[in-house]
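**Q** my questions concern the predicted model and sequence given below.
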Amino acid sequence: MPDTATLTRATASRAAAYPDNAIDIAHLTKVYRARAGQAAKTALDDVSLTVPRGSFFALLGPNGAGKSTLINIMAGLVMKTSGSARIWGHDIDRNPRQSRAAIGIVPQELNLDPFFTPRELLEVQAGLYGVPARERRTLEILDAVGLADKADAYARTLSGGMRRRLLVAKAMVHTPPILVLDEPTAGVDIELRQQLWSYVKDLNARGTTILLTTHYLEEAETLCDRTAIINKGRVAACDTTRNLLQRLDSKTVIVTVAGSAPDPLPPSLAALGAQVKGAERDQICVRYRPSETPIGAILDAFRGADLEMTDLVTEETDLEDIFLQLTRDAA
Ligand SMILES: Nc1ncnc2c1ncn2[C@@H]1O[C@H](COP(=O)(O)OP(=O)(O)OP(=O)(O)O)[C@@H](O)[C@H]1O
């Protein structure tokens, strides 16, 4: 039977192998130095955030918010000014090799050597990461991203969507527990986008932690369980996507009426801030806070106004509303 010391050692090594947080960033600041007539630029300003192991995490922010800087620091490509970052439990300063090995990065740019075939590219990449030949999964990975039949085609003959998927494959050769995708679906058509997501979702279901930056907020909303919004180098919000969506406490009800809406609107509807919309002026919209106004009270106001309702829909707040509000508030 193993003794207590052995058990403790085993537990400790399991904890190191499976940290609670895949990424732990504390008080990270990056100032790009002034040069060639350009002033110094603070790209990250005291950023702290954690990405729990196994999560599908969205990192959102407008252009220039600091997302690429953050990713590049994690990948060991950009030097931080201050603060700390741990990748899969490895400090990027103290254990740079281990922290780099724990992460696979799919970059924004389609930077592939045009004279290599996908098979060669993955083999070279596996070599760079020191993956022994017998442990390489070149064809399996190419198959997973739908490129098995292009294994021996020159990269320059691949379409933009295929190159994007090849970059995902390249980031996966060393089987990192964390995959970072920087704007992976920019310029990728809907079908290929879905194919890419089905692969990435599958990776996540099998335990890979995913960090995604995207401009497609609906992608973040449907795929990601947690979301951080960064703006001007600062974290404006970081929460479960569901909590963020509830944060605005705002919904809109749109009622279509027979004929067109009366002008002016009856006082009971005007008091709710109702607005008339639609080419036929037959839609009356009311934006409300569900925590303050029950939907029943709004419907009562419509009934009281003696309008014939022919249709009714409610619209939830989406991530775009939250994103706009948070990035506008900080502007
Ligand atoms: N090498 C650099 N030298 C000086 N300033 C830089 C450098 N790289 C980035 N910046 C500046 O730092 C800020 C953050 O840039 P970063 O590329 O990290 O933002 P981003 O959120 O990734 O933007 P995008 O969505 O457009 O890629 C920007 O103002 C940018 O101009």
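**A** Noted; the coordinates are in hand. Numbers count the residues shown, from 1 in each chain.
**Q** could you use CA atoms for every contact and neighbour count after this?
**A** OK.
**Q** got the phi and psi for Ile284?
**A** phi -110, psi 120 (degrees, to the nearest 10).
**Q** now it: how far from the ligand?
**A** According to CA to the nearest ligand atom, to the nearest Å, Ile284 and the ligand sit 37 Å apart.
**Q** likewise for Thr327?
**A** 12 Å.
**Q** so where does that residue fall, helix or strand?
**A** helix 319-329 (DSSP states H and E).
**Q** Leu179 too?
**A** For Leu179, the enclosing helix or strand under DSSP H and E is strand 178-182.
**Q** quick one: the helix or strand just after that strand to strand 178-182, angle?
**A** Per DSSP H and E, strand 178-182 leads on to helix 190-205 as the next helix or strand towards the C-terminus. Helix 190-205 and strand 178-182 meet at an angle of 160 degrees, taking axes from the mean of the first three to the mean of the last three CA atoms, to 10 degrees as the criterion.
**Q** surely Ile87 touches Asp24?
**A** Yes. The criterion here is CA atoms under 8 Å, and Ile87 meets it with Asp24 at 6.6 Å.
**Q** which of these two has more residues huddled nearby?
**A** Ile87 (26 against 19; other CA atoms under 10 Å).
**Q** roughly how far does that one sit from the ligand?
**A** Taken as CA to the nearest ligand atom, the span from Ile87 to the ligand is 19 Å.
**Q** which residues touch that residue?
**A** Ala22, Ile23, Asp24, Met74, Ser99, Arg100, Ala102, Ile103 (CA atoms under 8 Å, 6 or more residues apart in numbering).
**Q** now those: which count as buried?
**A** Ala22, Ile23, Asp24, Met74, Ser99, Arg100, Ala102, Ile103 (16 or more other CA atoms under 10 Å).
**Q** can you add distance to Asp318, pLDDT and secondary structure and give those residues back as CSV?
**A** Output for the buried ones among the contacts of Ile87, formatted as CSV (distance: CA to CA, whole Å; pLDDT from 0 to 100; DSSP: H, G, I helix; E, B strand; the rest coil):
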residue, distance to Asp318, pLDDT, secondary structure
Ala22, 27, 97, strand
Ile23, 26, 97, strand
Asp24, 27, 97, strand
Met74, 29, 94, helix
Ser99, 35, 94, helix
Arg100, 35, 92, helix
Ala102, 33, 94, coil
Ile103, 30, 95, strand
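**Q** point out the residues in the chain that sit beside the ligand.
**A** Neighbours of the ligand within the chain, by CA under 6 Å from any ligand atom: Tyr32, Lys41, Ala43, Gly61, Pro62, Asn63, Gly64, Ala65, Gly66, Lys67, Ser68, Thr69.
**Q** ranges for the helices of the chain?
**A** Along the chain, the segments classed as helices by DSSP state H run 4-17, 67-74, 96-101, 118-128, 138-144, 160-171, 190-205, 217-223, 241-247, 267-270, 295-304, 319-329.
**Q** check the offset of the fourth one from the chain's centre.
**A** In this case it means helix 118-128. Chain-centre distance of helix 118-128: 27 Å, with CA atoms, centre = their mean, to the nearest Å.
**Q** neighbouring contacts of it?
**A** Contact partners of helix 118-128, identified using CA under 8 Å, 6+ apart, comprise 132, 136, 138-139, 142, 150-155, 166, 169-170, 173-174.
**Q** repeat for the second one
**A** Residues from elsewhere that reach helix 67-74, judged by CA under 8 Å, 6+ apart: 30, 43-44, 59-61, 78-80, 85, 87, 92, 100, 180, 182, 213, 230.
**Q** got the CA coordinates for it in CSV?
**A** C-alpha atoms of helix 67-74 as CSV (Å, rounded to 0.1, in the frame of the first residue of the first chain):
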residue,chain,number,x,y,z
LYS,A,67,-5.8,41.4,-27.2
SER,A,68,-2.8,40.4,-29.4
THR,A,69,-0.4,41.9,-26.9
LEU,A,70,-1.9,39.7,-24.2
ILE,A,71,-1.7,36.6,-26.4
ASN,A,72,1.8,37.3,-27.5
ILE,A,73,3.0,37.7,-23.9
MET,A,74,1.4,34.4,-23.1
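**Q** that helix to strand 178-182, inter-axis angle?
**A** Relative orientation of helix 67-74 versus strand 178-182 (the same axes, to 10 degrees): 150 degrees.
**Q** what sits closest to the residue of the stretch 151-300 of the chain found nearest the ligand if chain neighbours are left out?
**A** Using CA to the nearest ligand atom, the closest approach of the stretch 151-300 of the chain to the ligand is made by Gly233 at 7.0 Å. In space, and not counting its chain neighbours, Gly233 is closest to Leu44: 4.0 Å by CA to CA, 6 or more residues apart in numbering.
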